[in-house]
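**Q** based on what follows, work out the 3D shape:
(2 chains, ligands or ions: 3)
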Number of protein chains: 2
Amino acid sequence: IQAVVRRGLATAKPPSSLFAPLDTFPDRHIGPDNAEAAFMLSKLGYDSMDAFVDQAVPPKVRVSSDAITDDQISPLSEFELFYRAKDLGNANKPFKSYIGMGYHNAVVPPVILRNVMENPAWYTQYTPYQPEIAQGRLESLVNFQTMVMSLTSMDIANCSLLDEATAAAEGMVMAFVATSQKKKTFFVDDGVLPQTLGVLRTRAKGSGIRLVVGDASSALGDEALRSDLCGVLVQYPDVNGNIKDFGHLAESVHAAGALVIVATDLLALTMLKPPGEWGADIVLGNSARFGVPVGYGGPHAAFFACTDKLKRKMPGRIIGRSRDVTGKPAYRLALQTREQHIRREKATSNICTSQALLANMAAMYTVYHGPHGLRRIANKVHGLTQLLKVIVESYGFRTTNLAFFDTLTLDVTGAAPDSSVVHAAATAAGINLRPVDSKHVGITLDESVGPVDFLRIANAFAASVKAPTVTLENVPATDSAVAVPQDLFRTSAYLPHSVFNKHHSETEMLRYIHHLQSKDLSLVHSMTPLGSCTMKLNSTSSMIPLTWPEFGSVHPFAPKDQVRGYSKIIAELESDLCKITGFHACSLQPNSGAAGEYAGLSVIRAYHEARNESHRDICLIPVSAHGTNPASAVMAGLKVVPVKSLQDGSLDLEDLQSKAEKHKDRLAAFMITYPSTFGVFEDGVTDACKIIHDNGGQVYLDGANLNAQIGLTNPATCGGDVCHMNLHKTFAIPHGGGGPGMGPICVAEHLSPFLPSHPVIPTGGDKAIDAVAAAPYGSASILLISWAYIKMLGGQGLADSSKIALLSANYMAHRLSGHYSLRYNNVNGRVAHELLIDFAEFDKAAGLKVSDFAKRLQDYGFHPPTVSWPISTCMLIEPTESESLEEIDRFCDAMIKIREEAEEIISGKQPRDNNVLKNAPHPMSVIAVSDAEWNRPYSRQTAAYPVPWLQEKKFWPTVSRVDDAYGDLNLICDCPSVEETAHPDA
Amino acid sequence: IQAVVRRGLATAKPPSSLFAPLDTFPDRHIGPDNAEAAFMLSKLGYDSMDAFVDQAVPPKVRVSSDAITDDQISPLSEFELFYRAKDLGNANKPFKSYIGMGYHNAVVPPVILRNVMENPAWYTQYTPYQPEIAQGRLESLVNFQTMVMSLTSMDIANCSLLDEATAAAEGMVMAFVATSQKKKTFFVDDGVLPQTLGVLRTRAKGSGIRLVVGDASSALGDEALRSDLCGVLVQYPDVNGNIKDFGHLAESVHAAGALVIVATDLLALTMLKPPGEWGADIVLGNSARFGVPVGYGGPHAAFFACTDKLKRKMPGRIIGRSRDVTGKPAYRLALQTREQHIRREKATSNICTSQALLANMAAMYTVYHGPHGLRRIANKVHGLTQLLKVIVESYGFRTTNLAFFDTLTLDVTGAAPDSSVVHAAATAAGINLRPVDSKHVGITLDESVGPVDFLRIANAFAASVKAPTVTLENVPATDSAVAVPQDLFRTSAYLPHSVFNKHHSETEMLRYIHHLQSKDLSLVHSMTPLGSCTMKLNSTSSMIPLTWPEFGSVHPFAPKDQVRGYSKIIAELESDLCKITGFHACSLQPNSGAAGEYAGLSVIRAYHEARNESHRDICLIPVSAHGTNPASAVMAGLKVVPVKSLQDGSLDLEDLQSKAEKHKDRLAAFMITYPSTFGVFEDGVTDACKIIHDNGGQVYLDGANLNAQIGLTNPATCGGDVCHMNLHKTFAIPHGGGGPGMGPICVAEHLSPFLPSHPVIPTGGDKAIDAVAAAPYGSASILLISWAYIKMLGGQGLADSSKIALLSANYMAHRLSGHYSLRYNNVNGRVAHELLIDFAEFDKAAGLKVSDFAKRLQDYGFHPPTVSWPISTCMLIEPTESESLEEIDRFCDAMIKIREEAEEIISGKQPRDNNVLKNAPHPMSVIAVSDAEWNRPYSRQTAAYPVPWLQEKKFWPTVSRVDDAYGDLNLICDCPSVEETAHPDA
Ligand SMILES: Cc1ncc(COP(=O)(O)O)c(C=O)c1O
Ligand SMILES: Cc1ncc(COP(=O)(O)O)c(C=O)c1O
Ligand SMILES: O=C([O-])O
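**A** Ligands and ions are numbered 1, 2, ... in the order given. Next comes the predicted model:
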């Protein structure tokens, strides 16, 4: 037997020496092996990969074959990566931060850590577009919404936003829109977090909102201000820990016809009168202290709740309780009509990917602790804060905020010459306090504080004044009354729902997690060929370091010298992404693709402004663009002008030219997706970019499809000036069932001065725009995943991955041809990394919609491809490089078999209204009935086991087709109440 | 809302201070909360826990209530445990060991680490006694067997033994038995591992075998020896790395009518002519280098293969391919009749728990790498060894073994004054070599050796002779020919089976793992109330440290100063186990309960011997004892005399007295299980022990049921002299689907000098018996789990756990009374921690067997309790303290509903031969058929959804009832061949 390297392409060379590692990642990441790739090529009529690639990618945009090689990015083996990550983790100093400012040390219950955060069955899924095979995570997200609604006392909540700061910006824009964009002043209380203010500034600029910052309790008397006021944002408790009674303020703001928006803390709300009880219209914040690691800034699930009146204006995704066609309760994404891909240039928010996985973790944390457990935690945090106050006051420090929950802001002047003395003592003790100014320091306690931690904190203060050491024996007594103003003490109950009051043993919790998991189809089962989503392998090697405390426990505002590990990873990732895109500089701040679009367009606006061309405000966008594109343009203050497509799916260059010329003086930007959202590399991309440049515009390249490009072309070569990358697509961050994601942007040199900064930790260029996310490097901890992915593939592996992604899509197009109509391809008959199939003919012939085919695929155990986007009658299919030939064939076989089933309906052998497609999917509850109830013109076997391999590998949808219309009409977004879940006989 | 501590008993006190941790483990480990416990007590008619316990546990054996308290064992919170474990991990020095001797550094593929080893759906199950709900792991174990058969070229293999040394002992006894125990000489080649020899010595002693050690190639000419020879054991390659041609030896041994037993290395067999091709009758070894961490000695799966002729004598479990009643292929435990619980005192092996989880990991490793991947790994290991040889020979070291695979034994005299110089250089480089003697050192390379490692090794040798540094640039060229003798080079193919040739991408591997997992019911789904198995929570907190490299990468023979972390854990665990049992000293060496029995009885024998009473060889064992008891007694060289039980299930003290007196002069021991295997605390236990002691015997207490005792009584108080503990029962090591386990023994002071030692790392007392396991502390790494379990519960939590375990069992007995016949209870009507229910009446009434009820429970989503043991018509049910009241009630509801179903059959409403019980379980494939095929007198709903909660939470068995008889008649123990798996149309 000869040792054979079996996988990939150029990557699949035999080990060059005895020292070459054998645990080479490309061999594991790429699905088809050499023989399989050769087989696919031969089916397409090619005798080499090069010949194929030459016909798939236009020569005009091809980069030289050594653009991305192992010399550029040299590969690490999986083992090497593990130890490299370990070294970098150790390079982060293990300080404990009590900085607060929206970020707390979390205690992740181990059962949730292992079974959710470290479990591919939870982290590999896409957004639950197909509710019948996603009831598990939908239920969990409803738990999240319910928890938020109950703690804030609001009518409705969504199932997460990207971070607290962008959530506040969404709130601001909602207030602006609620007053019909007529009243332009938005007031921000000076107790709001600085990073929130930074993000508001950027967004206010784009939206034409006038931001006023001041003391809300005094400043709002001003009549001029009141008459133009659309909303007010307050923080409760505020950045200094103070708890103010905003009840009167709320009345006054309402009287002015404006909205009250409250940023708050869920743990504090177990003790504090919830904003919903004192007049808030919108309540938002960060849920991460509910069991999600701080992770140098994220990912975290922001929450967002509002009154019933505002619900149809709420950004982000909402999960609703509806029913299936048999009447069984079923969850699904509600109010999809609000999504940008419907409203497009009228959209006022661009949220697509959000933070589902982290929302699920916070929900599970709430399920595990229940209301009593949360209250115990809050009591302890509050009690320790009180005790600390007594101790430090005994040294002469003065607490400036008399009401508090977990945060003290201390005037040091009675105890120490200067706050730097206190910080120095803290640093010596291995802890970080909040820098305020030369006279003040801040400190925020959290669930993780044990006796050792507490003494370390207390003794840092003691040391700063040379007081004797505090021990557990000599801690003073505290007044046990809470330090919350009487009127603001919570009296209402919360979280009475059954789900929060039973799963409190680890065994019960484990089973609840696995029970929900068992309802959901994920990458652990079969391919998820969602076009435009790039659902590739999320390798274990890249996921392992993520949950090490060395990375998880770092505060985003920790001093630079404590985060050398992170800094190195960030620098390397930025550099690699620049190599891959051909650009000059990178910002890792945006937390999603859409956030990247907004950031990139904001950079373009700043560029024009810097050249005294701030009047440039027109953005050309092809009609085929993803809905986030026009939405982001609007958010950045641009006016969207659509550009047509030609019959063959390509951009109408004439239309582009005429519109570019027409708007020459106001042209700011052009947004293009490449390969196009139709799955084709357009020849005209460089011409299009030239047209734009010639007319004074900048080109934004939507990088959602970057997986087709690496090593073959790049956004710079195509003619772009800026692009975002969806790290949760191309660079293998698992999608988490709807987030997290990361959407960093890379830019050409002339745009690099404008890359976003951050109010606390400076980032970006020297003419930087304000922040676009709460944390300086966005959801920094998951950058590790993409960093590891790139490092383990190396240049060659990256390029090979793109080639196989192209090959797999073309092979699929080949296999499906003759059965289905491919909507678009290039002059050589080739698609890019995905293919668009049109089902219009079946509607015409027999009333069969594309969704009927999609739902039927569920019966075959597959997650349906993207449906009805970018064309309503179409399916967009993207296999990625990670799927094996066997899996691709299995999918094609299923599609072909469904085509046969459709033929039976078209030919009249099966009725139009009662057939396997229209009735799909078939859950087991529908199958396991008597013949009388069955009552269908096909057999149970045909319904459930249409192909033989299902006998071995069957995945059951848990509900029948979900009724969306019913759910939107009867919008219910929380989980069943105690009464609803009571035993019928109880 | 008041913060309420909701769980447990004495543990459920409110936090004593602000500093008390909130992540207290007892609250998560114990299922019922205070209110639920009070409810259960009230149903039983008690108003306090104490009142209940007083009636369940005989006053005679009660220990004082402060025997096990938080003062004795103070509890750590989950968070505290994490950091304590981290500190102890860091206290193990990160040396890399190239000691070999059967232990190699493993590279665990991350996808297997995360999805098998760290996945409760794989690690929480018991042995697959119920094949219909365990087809996943059964398939994987067959992959293991197939891999072993193919690499060794043997006819049949079992699915693991405890370790290589005990496997060798099993081989020796098989040889002895195969020659009808007439020929008593067993020859061990001096190339065999020292720890194997140690274990053989102990076992030979018990079995009356004469062990001769020498050079097999020369010594076997001796006629006297030949005529008494039952078998020969050789190591291939041997401990020094040498590869000898034993072909002629095999012929000669066979000519003498004896068996050839070969200890070997699976990786080497990808290159070496397999033992099956040169005459081996039995082949065994350690499979751990196939992706299982070395873990300071284990757990590892030993493999064991033999010829077809010997198959019905093979020890351990064998998985066979059979079919279900519908004819569908189905795997199950084969040849169960060989088990000790059938053969009892005729058994010659006591294997019960083995190493299923580790066998599954090794099987998955083989699936992931395939034959080509394994060969690549072997080539690399071998190539690096050749290169090292060239380098060190250039320094004047001389390789004493000219043929080798991965191991060199070097004569240092041409290069250095003494081997200590070389070891010193190695230590300075952070590596361990194998100590041989003052003139020789050994070194063994493995898959983990990368360039940095290699250079570190080479440069340690360079440093020892003050030679210049070796770099990647100046490494010499090697002769590429392999260093394996031409005649011993493997020419035959291996692992052609489809399963080993397709799952090579991570995506495919991930899906294969999850696909198998989806077939298996485990603790992530519902309770597994297997009586005598104590299937409690396996907490995540206790599992997390296990897979840290700080614990995983330590060689069992590493110098003491490198293993301070392990030493501390071992010392603490020994001490805590002594506190819990009331005994004086502990040995952590035995790898299972049965191995503990054998160890304990061997200690008793040594004790008698030391008192010149070696003639004491009678062991009294109640007829109700677990089958491992008599088997272990036989293995320790004792003659078993059964003791009767009374009508009420208790020990017949008169029979005991008369037999003890009758055998007074030869009485060695009495074995008793407490509470008894009938689930009752017997009043007479102390009297029984007195009888034994009065007659010169020692009392062995089988601790399988220790979970009923902690803090209430203990083995010492009951009158025992020695007991084992099943750490995989009472102390929460997950059972892994059939192992790993640990069966340490604790002994009274007079027995402590005899605790087992170890030939390499001394352990035990000053009159120690020889080793009972390959590694000094058995499967040392999983000791971490029990250590963490005890530390996190603390004394009070341990005692509370036992109380709730008793309460839950009694509550269950109460709920089932009136529906089923409880077979035994105590004078107060109380059972212990489990209950025995008799189904004989149903057989009489309607031909319904206990197994029909068990199989029907599968349809309700429960793992059936222990069936037909200890009484053939009974079910033994053990809920443990970890199950919530809701789950216990759900189980009771299912049992009661099945009782109703049985009534329909008894009353004649349903036919006797075609009913829901006889046809159970009902897999989906049986349900999803047409009415014509259905053809049963009950509906599909009745079959699959007999109770409403199944609509929400249904687990499907994947096959119908498995046909055991067919499988035993047609024994097939490997996975389908390529031909069998070929597509029908291929
Ligand atoms: C073409 C395109 N652009 C932008 C986006 C938005 O990315 P994100 O979901 O990360 O906000 C998507 C998401 O699917 C997309 O397909
Ligand atoms: C009473 C009793 N003794 C001994 C054993 C053997 O333990 P092990 O499986 O760990 O060898 C068992 C196992 O179930 C048992 O129930
Ligand atoms: O996520 C998308 O909307 O494609």
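**Q** what about A:Gly257, distance to ligand 3?
**A** Distance, A:Gly257 to ligand 3, using CB to the nearest ligand atom, to the nearest Å: 35 Å. Just so you know, the C-beta spots here come from the backbone N, C-alpha and C atoms, and that holds for glycine as well.
**Q** identify the residues contacting that residue.
**A** A:Thr179, A:Lys183, A:Leu229 (CB atoms under 8 Å, 6 or more residues apart in numbering or on different chains).
**Q** assumed it was part of a helix.
**A** No - secondary structure of A:Gly257 (DSSP: H, G, I helix; E, B strand; the rest coil): coil, not part of a helix.
**Q** separation between it and A:Asp281?
**A** If you measure A:Gly257 against A:Asp281 using CB to CB, to the nearest Å, the figure is 11 Å.
**Q** ok, now A:Glu597?
**A** Applying CB to CB, the value for A:Glu597 to A:Asp281 is 28 Å.
**Q** ok, the two, which is more surrounded?
**A** Remark: of A:Glu597 and A:Asp281, A:Glu597 carries more neighbours, 33 against 26, as counted by other CB atoms under 10 Å in any protein chain shown.
**Q** element containing that one?
**A** Secondary structure assignment for A:Glu597, by DSSP states H and E: helix A:593-610.
**Q** go on, A:Pro299?
**A** Per DSSP H and E, there is no helix or strand for A:Pro299.
**Q** try A:Phe670
**A** strand A:667-673.
**Q** closest point of chain A to ligand 2, which residue?
**A** Closest to ligand 2 within chain A is A:Thr507: 21.1 Å, counting by CB to the nearest ligand atom.
**Q** so A:Ile782: helix, strand or coil?
**A** helix.
**Q** about what we covered before: which helices and strands does the helix holding A:Glu597 pack with?
**A** helix A:194-207, helix A:628-635, strand A:667-673, strand A:698-703, strand A:722-725, strand A:745-747 (3 or more CB pairs under 8 Å, 6 or more residues apart in numbering or on different chains; DSSP states H and E).
**Q** next, format these as CSV and append mean neighbour count.
**A** CSV is the format used below for the helices and strands packed on helix A:593-610 (neighbours: other CB atoms under 10 Å in any protein chain shown):
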stretch, mean neighbour count
helix A:194-207, 23
helix A:628-635, 29
strand A:667-673, 28
strand A:698-703, 30
strand A:722-725, 30
strand A:745-747, 32
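**Q** mind checking which of these is nearest A:Val452?
**A** Of all these, helix A:194-207 sits nearest to A:Val452, with 30.3 Å by CB to CB.
**Q** what's the following helix or strand after that closest one?
**A** Criterion used, DSSP H and E; the element after helix A:194-207 is strand A:210-214.
**Q** now the helix or strand that that next one is followed by: buried residues?
**A** The first helix or strand that comes after strand A:210-214 along the chain, using DSSP H and E, is helix A:216-219. Neighbour-count burial for helix A:216-219, counted by 16 or more other CB atoms under 10 Å in any protein chain shown, picks out A:Ala216, A:Ser217.
**Q** so which elements touch helix A:216-219?
**A** strand A:185-189.
**Q** what's the angle from the strand it packs on to strand A:210-214?
**A** 30 degrees (axes from the mean of the first three to the mean of the last three CA atoms, to 10 degrees).
**Q** flag every buried residue along strand A:185-189.
**A** A:Thr185, A:Phe186, A:Phe187, A:Val188, A:Asp189.
**Q** and for stretch A:418-431?
**A** Going by 16+ other CB under 10 Å, stretch A:418-431 has these buried residues: A:Ser419, A:Val421, A:Val422, A:His423, A:Ala425, A:Ala426, A:Thr427, A:Ala429, A:Ile431.
**Q** can you tell me which of the residues you listed are in helices?
**A** Secondary structure defined by DSSP state H assigns A:Ser419, A:Val421, A:Val422, A:His423, A:Ala425, A:Ala426, A:Thr427 of those to helices.
**Q** which residues of the stretch 201-350 of chain A fall in helices?
**A** Taking DSSP state H, counting those that start in this stretch to define them, one finds helices in the stretch 201-350 of chain A at A:216-219, A:223-227, A:247-255, A:340-343.
**Q** want to throw the ones you listed into TSV with mean pLDDT and distance to ligand 2?
**A** Formatted as TSV, the helices of the stretch 201-350 of chain A follow (pLDDT from 0 to 100; distance: least, CB to the nearest ligand atom, whole Å):
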stretch	mean pLDDT	distance to ligand 2
helix A:216-219	92	68
helix A:223-227	95	77
helix A:247-255	97	65
helix A:340-343	57	59
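**Q** okay if I get those as CSV plus distance to A:Phe52?
**A** Formatted as CSV, the helices of the stretch 201-350 of chain A follow (distance: least, CB to CB, whole Å):
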stretch, distance to A:Phe52
helix A:216-219, 63
helix A:223-227, 65
helix A:247-255, 63
helix A:340-343, 32
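**Q** a markdown table for those helices, including distance to ligand 1?
**A** A markdown table is the format used below for these (distance: least, CB to the nearest ligand atom, whole Å):
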| stretch | distance to ligand 1 |
| --- | --- |
| helix A:216-219 | 33 |
| helix A:223-227 | 35 |
| helix A:247-255 | 32 |
| helix A:340-343 | 9 |
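**Q** of all the ones you listed, which one is nearest A:Cys533?
**A** A:Cys533 sits nearest to helix A:340-343 of all those, at 13.6 Å, using CB to CB.
**Q** so after the closest one, what's the next helix or strand?
**A** Remark: after helix A:340-343, the chain's next helix or strand is helix A:356-394, criterion DSSP H and E.
**Q** on that earlier part again, worst mean pLDDT among the helices and strands packed on helix A:593-610?
**A** Lowest mean pLDDT of the helices and strands packed on helix A:593-610: helix A:628-635, a mean of 94.
**Q** A:Glu841 and A:Tyr820 touch, don't they?
**A** No - with contact defined as CB atoms under 8 Å, A:Glu841 does not count as touching A:Tyr820 (9.0 Å).
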